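Student: build me a model:
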Amino acid sequence: MLIDSHCHLTKRFYEDPKLIIQNAVEQGVGKMICVGTSLEDSKEAIDVANTYPEVYAAVGVHPEETCNNWGEFERLISRPKVVAIGECGLDNKVGSRVQKETFQRQIDLAKKYDKPLIIHIRDAWEEVKEFDLSLNRGVFHCYSGPPEVPPNFYVSFAGNVTFKNAPNLQAIAKLIPLSSILVETDSPLLSPVPFRGKQNEPKNVKIIAEYIASLKDLNIEEVEQVTSQNAKKLFGIN
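Tutor: Sure thing, here's the model as predicted:
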């Protein structure tokens, strides 16, 4: 069984989430984490998780978003099937003081509620060092950082690891031990080769796992087993 550790399944992204989830299950994807990007999107992610037994939710405010009701956001964290806070983080495409404050608030909430973080970092690997994550745990999603993984954190590889123009990312994936790796699709974005440029789906996490297996000269069964165990441990799911 595979776990897609990061996908977006709300109606903002798919007209028919039921069909997308069925497609994934038929391809051996047993569980999916539907990741919120704003207060409203996080509410919808919870609705999806409550509708489909294979889906769990994360609630978060993406670095391109802001939140105008943190009290309401905080109340979402304790809802059933909410397994993480995110996605949150830093993105230098839209870098700002508010973005850093929003990230810090979610770091603090993750500690308060003992939830893992799902962290988005784009072109901001130096800036993230300003934040104390020593008391947190979580995953750096759609990983593009250095080969050294911080304690208590995993990294998750998405479809871009399969791209021909990603030799540096592929080299990093080879160096990071499988015990620190999750796999994800970031659906509907970042379709892996040979579907690059088309709408992505959680079913394609199998392609990413197979690619990681080939990079590391491992069999796919081991990659499926270990990455799924890692996801279950991080998110506290069975």
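Student: when you work out contacts or count neighbours from here on, use the C-alpha atoms and nothing else.
Tutor: Will do.
Student: direction included, what does the longest strand anywhere in the chain pair up with?
Tutor: Determined from DSSP state E, the single longest strand within the chain is strand 82-91. Strand 82-91 has the following sheet partners, assigned by DSSP bridges: strand 55-59 (parallel), strand 117-122 (parallel).
Student: pull the CA atoms of it into CSV?
Tutor: What follows is strand 82-91, C-alpha atoms only, in CSV (Å, rounded to 0.1, in the frame of the first residue of the first chain):
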residue,chain,number,x,y,z
VAL,A,82,-7.0,16.3,11.2
VAL,A,83,-3.5,14.9,11.4
ALA,A,84,-1.2,17.8,10.7
ILE,A,85,-0.8,21.6,10.4
GLY,A,86,0.1,22.8,6.9
GLU,A,87,0.8,23.5,4.4
CYS,A,88,2.7,26.5,5.9
GLY,A,89,6.2,27.9,5.4
LEU,A,90,8.2,30.4,3.3
ASP,A,91,8.1,31.3,-0.3
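Student: contacts for stretch 131-139, please.
Tutor: Stretch 131-139 is contacted by residues 104, 107, 110-111, 115-119, 151-156, 234 when judged by C-alpha atoms under 8 Å, 6 or more residues apart in numbering.
Student: please narrow the residues you listed to those residing in strands.
Tutor: Using DSSP E, those in strands are 117, 118, 119, 153, 154, 155, 156.
Student: hang on, the earlier thing: mind putting the strands paired with strand 82-91 in a markdown table, distance to residue 7, mean pLDDT and mean neighbour count included?
Tutor: Formatted as a markdown table, the strands paired with strand 82-91 follow (distance: least, C-alpha to C-alpha, whole Å; pLDDT from 0 to 100; neighbours: other C-alpha atoms under 10 Å):
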| stretch | distance to residue 7 | mean pLDDT | mean neighbour count |
| --- | --- | --- | --- |
| strand 55-59 | 10 | 99 | 29 |
| strand 117-122 | 11 | 98 | 24 |
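Student: want to throw these into a markdown table with distance to residue 13?
Tutor: A markdown table is the format used below for these (distance: least, C-alpha to C-alpha, whole Å):
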| stretch | distance to residue 13 |
| --- | --- |
| strand 55-59 | 15 |
| strand 117-122 | 18 |
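Student: for residue 84, find the nearest of the ones you listed.
Tutor: Nearest to residue 84 among the strands paired with strand 82-91 is strand 55-59 (4.7 Å), distances taken as C-alpha to C-alpha.
Student: who's in contact with that closest one?
Tutor: 31-39, 42-43, 45-46, 48-50, 73, 76-77, 81-87.
Student: among those, which ones are buried?
Tutor: 31-39, 42-43, 45-46, 48-50, 73, 76-77, 81-87 (16 or more other C-alpha atoms under 10 Å).
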